[in-house]
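1. My questions are about this predicted structure, shown below with the sequence.
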Amino acid sequence: MAEARMTKNQVIKHVAEKTGAAKKEVAAIAGALIELAIQQAKKTGIFVLPGLGRLKKVQRKARLGRNPATGAEIKIPAKTTAKFYLAKAVKDAIAPPKVKK
């Protein structure tokens with residue numbers, strides 16, 4: 001069975017132990033990085049974290065959907081959202097590509 005996902009505090013504790021930095025410093029750096037990612041994605045439409053991936057602002061088109069309870073068609077309005085794309089190295093490390101024969 002898979003382990004439960006790590007909480008924010010567990011991530012901060014792990015990084016602090018790995019680097020020897022204080023937990024408060026690690027928490028401050030993580031907060032600043034998140035703030036920077038949001039600010040840059042909002043401003044320029046993309047934020048790249050080298051070695052991990054990129055956060056990109058994308059525009060979704062308006063479309064027709066269905067109310068699952070009644071089956072009636074509903075109009076879903078256009079909206080702006082964010083997507084995170086993993087770097088190829090991360091994808092390959094997590095799920096190595098299949099070798100072609």
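-> Perfect, thanks for sending it.

2. residue contacts, the nearest residue to residue 94 once chain neighbours are set aside?
-> Of all residues not flanking residue 94 in the chain, residue 86 sits nearest, at 7.9 Å (Cβ to Cβ, 6 or more residues apart in numbering). Where you see a C-beta, it was placed from the backbone N, CA and C, and this is true even at glycine. Counting by Cβ atoms under 8 Å, 6 or more residues apart in numbering, residue 86 touches 52, 53, 94.

3. what do you get for residue 12?
-> Residues near residue 12 by Cβ under 8 Å, 6+ apart: 23, 26, 27, 30.

4. Tell me how far it lies from residue 61.
-> According to Cβ to Cβ, to the nearest Å, residue 12 stands 39 Å off from residue 61.

5. Can you say which of the contacts of residue 12 are buried?
-> Using 16 or more other Cβ atoms under 10 Å as the burial test, the contacts of residue 12 include 26, 27 as buried.

6. Let me know the closest of the contacts of residue 12 to residue 75.
-> Set against residue 75, the nearest of the contacts of residue 12 by Cβ to Cβ is residue 30 (39.4 Å).

7. Not counting its neighbours along the chain, what's nearest the closest one?
-> Residue 30's closest residue in space is residue 12 (Cβ to Cβ, 6+ apart), at 6.5 Å.
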